[in-house]
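Chemist: Here is a sequence together with a model predicted from it:
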Amino acid sequence: MWRQLAPVGRHPDSGGYRRHAWTGADADCRTWFQEQAEARGLHYETDRNGNQWAWLGDPLAGGAVVTGSHLDSVPDGGAFDGPLGVVSSFAALDELRARGAEFTRPLAITNFGDEEGARFGLACVGSRLAAGQLTREAAYELRDGDGITLPQAMEAAGYDPAAIGPDPERLARIDAFVELHVEQGRALDLTGDPVGVASAIWPHGRWRYDFRGEANHAGTTRLVDRRDPMPTYAETVLAARRAAELAGAVATFGKIAVEPNGVNAIPSLVRGWLDSRAADQATLDTVTAAVESAAAEAAARHGVDLTVVRESFTPVVEFDHALRDELGKLLGGRVPVLGTGAGHDAGILSAAVPTAMLFVRNPTGVSHSPAERAEEDDCVAGVRALADVLEGLACR
Ligand code: HGY
Ligand code: MN
Ligand code: MN
Ligand code: MN
């Protein structure tokens, strides 16, 4: 099963995955998901927000146990972030059928659309829409780098965007959502465990920094006469690093847009996106305030105008304690419980549904990179653990 999905959206040079929402690679992933569902005799559907569901039992009965993750990727992402959760869900169902498990409640496997936000800049679009954390109006405003809006991209992919919006009835029919995900960090490598259970997701957000200066000739404009946004941006990036180090948090400027982006032109605009995360809200606030004040000071010194826009924010997610403890029991009480700085659909859904996460060891901890890895034995251990959890939650 894994091998069928492996080549989808893989870039031949970098070896990284480019499965951005509502593109051809995303469509290929969706076709794969539907084929897996139908090959197992599951009822396949796509919800109003483009999320895919494969049902065993009556989708309308209520009390469902749901598992799954996402299939889209960041630019040049790894093979496991997202797909490991979806592939493991189908494999865990196969394992439960092989065990002769008898389901006492509906089970569903999901692929949540546009979890990474690689194309439109907002993470977890499919699950945020379903959970009512992203309004239709705001979703209609999302645009990619070519100015294509989310609804236009959905329509071009054959989906009618008219119905996108909150899906409370669907979420009310779910008793538990369990997402298996490759660990994005090395905690399990350090404890020597193949599988862990999530305790919480750190608060995290994305801020857009616009540094507006004055375009001019790179060769004829004296330094004293410049209003150059690039050194202002550079000083802000270094300040973010320093603030995060001091606070024991993380801060990343990973994406930049420069206008006019000419080698021999002083930029008129440098736009940088900050991703910052911390174990608690107060620390995160300290870091983001420090970055913004450093940027304002640098901008004043360089005669540059600064605008900062918070584009998205996810408060700390404490996973459902009862479900988390239930998973621990079902796994024999011997799996570590760990927090994460990575956002997940489970984090978004936790506002509406009891959710839990299982992590599978990543030997280097590297993620959002073609170097992302998980050993086959650990992936098998993850499938077995997910099967044990689903059996305990949904079977006699
Ligand atoms: O950004 C994240 O943490 C997630 O991978 N979308
Ligand atoms: Mn990711
Ligand atoms: Mn992910
Ligand atoms: Mn995720």
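Modeler: All right, it came through fine. Ligands and ions are numbered 1, 2, ... in the order given.
Chemist: ok, so what distance separates residue 278 from ligand 3?
Modeler: Distance of residue 278 to ligand 3, computed by Cβ to the ion, to the nearest Å: 20 Å. No exception for glycine: its C-beta is placed from N, CA and C like everyone else's.
Chemist: Can you name the residues that contact that residue?
Modeler: 202-204, 247-250, 284, 286-287 (Cβ atoms under 8 Å, 6 or more residues apart in numbering).
Chemist: would JSON lines of these with secondary structure be doable?
Modeler: Compiled in JSON lines, these are given as follows (DSSP: H, G, I helix; E, B strand; the rest coil):
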{"residue": "202", "secondary structure": "coil"}
{"residue": "203", "secondary structure": "coil"}
{"residue": "204", "secondary structure": "strand"}
{"residue": "247", "secondary structure": "helix"}
{"residue": "248", "secondary structure": "coil"}
{"residue": "249", "secondary structure": "coil"}
{"residue": "250", "secondary structure": "strand"}
{"residue": "284", "secondary structure": "helix"}
{"residue": "286", "secondary structure": "helix"}
{"residue": "287", "secondary structure": "helix"}
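Chemist: Just the buried ones from those, in PyMOL syntax?
Modeler: Burial among the contacts of residue 278 is assessed by 16 or more other Cβ atoms under 10 Å; the matching PyMOL selection reads:
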select buried, resi 202+203+204+247+249+250+284+286+287
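Chemist: Quick one: the contacts of residue 278 as CSV, columns for distance to residue 304 and pLDDT too.
Modeler: Listed next are those as CSV, based on distance: Cβ to Cβ, whole Å; pLDDT from 0 to 100:
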residue, distance to residue 304, pLDDT
202, 31, 95
203, 29, 96
204, 27, 95
247, 26, 97
248, 30, 94
249, 26, 96
250, 26, 97
284, 26, 98
286, 24, 98
287, 22, 98
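Chemist: Out of the contacts of residue 278, the closest to residue 153 would be?
Modeler: Using Cβ to Cβ, residue 204 comes nearest to residue 153 of the contacts of residue 278, at 24.9 Å.
Chemist: Pretty sure the closest one sits against residue 284.
Modeler: Yes - counting by Cβ atoms under 8 Å, residue 204 does reach residue 284; the two are 7.4 Å apart.
Chemist: Are there residues contacting both of those two? Which ones?
Modeler: 276-278.
Chemist: quick one: least confident helix or strand in the protein?
Modeler: The helix or strand of the chain with the lowest confidence, counting by mean pLDDT, DSSP states H and E, is helix 2-5 at a mean of 80.
Chemist: residues in contact with that helix?
Modeler: In contact with helix 2-5 (Cβ under 8 Å, 6+ apart) are residues 29, 32, 71, 83, 87.
Chemist: If we ignore the residues flanking it in sequence, what's nearest the third one?
Modeler: The shortest distance from residue 71 to any residue other than its chain neighbours is 4.0 Å, reached at residue 29 (Cβ to Cβ, 6 or more residues apart in numbering).
Chemist: quick one: which helix or strand includes the one you found?
Modeler: According to DSSP states H and E, residue 29 maps onto helix 24-39.
Chemist: Give me the contacts around that helix.
Modeler: Taking Cβ under 8 Å, 6+ apart as the rule, helix 24-39 contacts 1, 4-5, 8-9, 17-20, 43-44, 46, 52, 54, 71-72, 86, 90, 109, 111, 113, 157.
Chemist: The same query, at a cut-off of 6 Å, please.
Modeler: Residues outside helix 24-39 that contact it (Cβ atoms under 6 Å, 6 or more residues apart in numbering) are 5, 8-9, 19, 44, 52, 54, 71-72, 90, 111, 157.
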